[in-house]
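Colleague: what shape does this take:
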Amino acid sequence: MHPLKKIPAKNNRSRKMIARALMGMGVLALFMVATTHFDITSQVKGIFLLKGKKGSLFELKDDLYLGDGSRLISGVDFGDPRFSFFSRMHRHKPGEAYLYYEWNRSDGSGFVRNFMPGGEQLLTCFARYEENESEYVHGLFVGGGLPAGVQGDDAVKMAETGMAYFDGKRWYHVWCSVNEAITPGDSGGTILPSRWKFLGSKVLKESDKGLAIMSSHAVDVAGVPLRMDRYAYFRAGDPYFILSVVIRNIGGDTASFVYCYGDDPWVGDFGSSAGNVGWVKDGTINFEQSVDPYKYDFAGMYDYGNSVLGKGHHYTMTANFIEWLGSNRPDLVFFSNAPGSFSRNEGMDVPLASNERFIGLQWGPHELKPGRSESFTLAVGMAGYDPKTGFPVKPEIKLKDVP
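Modeller: As a prediction, this is how the structure comes out:
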């Protein structure tokens, strides 16, 4: 017989240490599972650990939206150049305009990169943000950003949110998260997009030259159910997209409603309206006021400097625009210092001076009988700049060329 070999004490200690480590990892895993809300989508933009909300201590996500950054504890963004093997983003093709997009059909969110022949690009994000710091928006609503732009409170990075323009050197903010709402025609009670029931979305047509996306929604206005179908059309090289909104009364009673579309866009630099004024085809607008939607067919904000405040014209010169298309023109187009309101007092000039300088469009109150529909069509985008006149130049809208 051979004597039993004695196991060295050192090996026993190693095994005990390994067992304790595994037990500790198991306890940690159980703790994370018990205290963490897992929000995993099909997009997989990275791995992000956030402070929890709605009853959980932590939240683990594979994507990051505008509004999440302040809760971020740690994360890995697969869009980071260091992890470029995870990234599917196309690169500039010299002399060629083309589109690249990602769209989550079930969640109703995504983005479109419109690459210009010279290497510039216009990024438009849809439904990648929180509304009222608690609810996410789903569907074709401009707003939010990709993980690289929304981490923390870095205003320079967050210029790459909403609709943003890259000139080859830096990003310029063009549009922020849209201020859109429906209200009953005879009373208050604003209904924001996060409260509209998301019915689904789909890509209607796609290529590197043209893109069409649709999202559908339901909303109850004063007891009358309405269905909303939204369509976004992009064409490679065009610094805008076409938004068509169709509202149908699917109830048994006449609906009375007001539809509003607007934004306090922080044109130029994210977080600041310091240089923002309004503009129309024949001049700038420095005061709160409405403009005639029949005399004009577009309006925008321009990062130029408000001369009535003694500001010089040393800002970014970035300009955006909204053009209303078709016969259903807005009943009201206005510029103001806050979303949803402006001074109507005759003889009282109120300069555009706040950090929420706003452009708003309003249709209604309109009545919609059962089974009938009403549509609104807009071109939403970025204007060019004429260095000779120092004035924005709106691009020609080629509605017939959408996919």
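
Colleague: so in terms of bridging, what pairs with the residue nearest to Asp229 when sequence neighbours are not counted?
Modeller: Leaving aside its chain neighbours, Asp229 sits nearest to Val246 (4.7 Å; criterion: Cβ to Cβ, 6 or more residues apart in numbering). Quick note: C-beta positions are derived from backbone N, CA and C, even for glycine. Beta-bridge pairing of Val246 under DSSP bridges involves Asp229, Ser375.

Colleague: kindly report the same for Val224.
Modeller: Val221.

Colleague: residue ranges with poor pLDDT in the stretch 301-403 of the chain?
Modeller: Low-confidence segments of the stretch 301-403 of the chain (pLDDT under 70): 342-347, 400-403.

Colleague: tell me the contacts of the residue nearest to Asp229?
Modeller: When contacts are counted by Cβ atoms under 8 Å, 6 or more residues apart in numbering, Val246 touches 228-231, 373-375.

Colleague: want to throw those into CSV with distance to His217 and neighbour count?
Modeller: Shown next, in CSV, are the contacts of Val246 (distance: Cβ to Cβ, whole Å; neighbours: other Cβ atoms under 10 Å):
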residue, distance to His217, neighbour count
Met228, 4, 21
Asp229, 8, 18
Arg230, 7, 22
Tyr231, 12, 18
Ser373, 14, 15
Glu374, 15, 19
Ser375, 14, 14
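
Colleague: turn those residues into CSV, including distance to Arg71.
Modeller: Listed next are the contacts of Val246 as CSV, based on distance: Cβ to Cβ, whole Å:
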residue, distance to Arg71
Met228, 31
Asp229, 33
Arg230, 29
Tyr231, 33
Ser373, 40
Glu374, 39
Ser375, 39
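
Colleague: of all pairs in these, which one is the farthest apart?
Modeller: Pairwise distances across these peak at 14.5 Å for Tyr231 and Glu374 (criterion: Cβ to Cβ).

Colleague: what's the neighbour count on Ile359?
Modeller: Here the count is done by other Cβ atoms under 10 Å, and Ile359 has 28 residues near it.

Colleague: mind starting the numbering at 3 from now?
Modeller: Got it, first residue is 3 now, which makes that one Ile361.

Colleague: helices or strands next to whichever strand or helix holds it in the packing?
Modeller: Assessed by DSSP states H and E, Ile361 sits inside strand 360-370. Applying 3 or more Cβ pairs under 8 Å, 6 or more residues apart in numbering; DSSP states H and E, one finds that strand 360-370 contacts strand 257-265, strand 300-305, strand 321-327, strand 334-338, strand 375-388.

Colleague: strand partners (parallel or antiparallel) of the second one?
Modeller: With DSSP bridges as the test, strand 300-305 is paired with strand 278-282 (antiparallel), strand 321-327 (antiparallel).

Colleague: on that earlier part again, buried deepest among the helices and strands packed on strand 360-370, which one?
Modeller: Comparing those by mean neighbour count (mean count of other Cβ atoms under 10 Å), strand 300-305 comes out on top with a mean of 26.

Colleague: okay, the angle between it and strand 360-370?
Modeller: Here strand 300-305 runs at 160 degrees with respect to strand 360-370, directions being taken by axes from the mean of the first three to the mean of the last three Cα atoms, to 10 degrees.

Colleague: so strand 300-305 versus strand 375-388, what angle?
Modeller: Put simply, strand 300-305 runs at 40 degrees to strand 375-388, going by the same axes, to 10 degrees.

Colleague: give me the angle between strand 300-305 and strand 257-265.
Modeller: Using the same axes, to 10 degrees: strand 300-305 against strand 257-265 is 30 degrees.

Colleague: let's have the helices and strands packed on strand 360-370 in TSV, adding distance to Asn278.
Modeller: Formatted as TSV, those follow (distance: least, Cβ to Cβ, whole Å):
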stretch	distance to Asn278
strand 257-265	11
strand 300-305	5
strand 321-327	10
strand 334-338	10
strand 375-388	13
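
Colleague: and those strands: which comes nearest Phe143?
Modeller: With Cβ to Cβ as the criterion, Phe143 lies closest to strand 257-265 of these, at 10.0 Å.

Colleague: could you dump the closest one to CSV, C-alpha only?
Modeller: Only the C-alpha atoms of strand 257-265 are listed here, as CSV (Å, rounded to 0.1, in the frame of the first residue of the first chain):
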residue,chain,number,x,y,z
ALA,A,257,-63.6,66.1,-32.0
SER,A,258,-62.5,69.7,-31.2
PHE,A,259,-58.7,70.0,-30.8
VAL,A,260,-55.7,72.3,-31.1
TYR,A,261,-52.5,70.9,-32.6
CYS,A,262,-49.2,72.6,-31.7
TYR,A,263,-45.6,72.1,-33.0
GLY,A,264,-42.7,74.2,-31.8
ASP,A,265,-39.3,74.2,-30.1
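
Colleague: packing partners of it?
Modeller: Other helices and strands packing on strand 257-265, by 3+ Cβ pairs under 8 Å, 6+ apart, are strand 181-186, strand 212-223, strand 226-237, strand 242-251, strand 360-370, strand 375-388.

Colleague: so what's the residue positioned nearest the centre of the chain closest to, chain neighbours aside?
Modeller: The centroid of the chain falls nearest to Gly145 when counting by Cα atoms, centre = their mean (0.9 Å). For Gly145, ignoring the flanking residues on the chain, the nearest one in space by Cβ to Cβ, 6+ apart is Ser179 at 3.0 Å.
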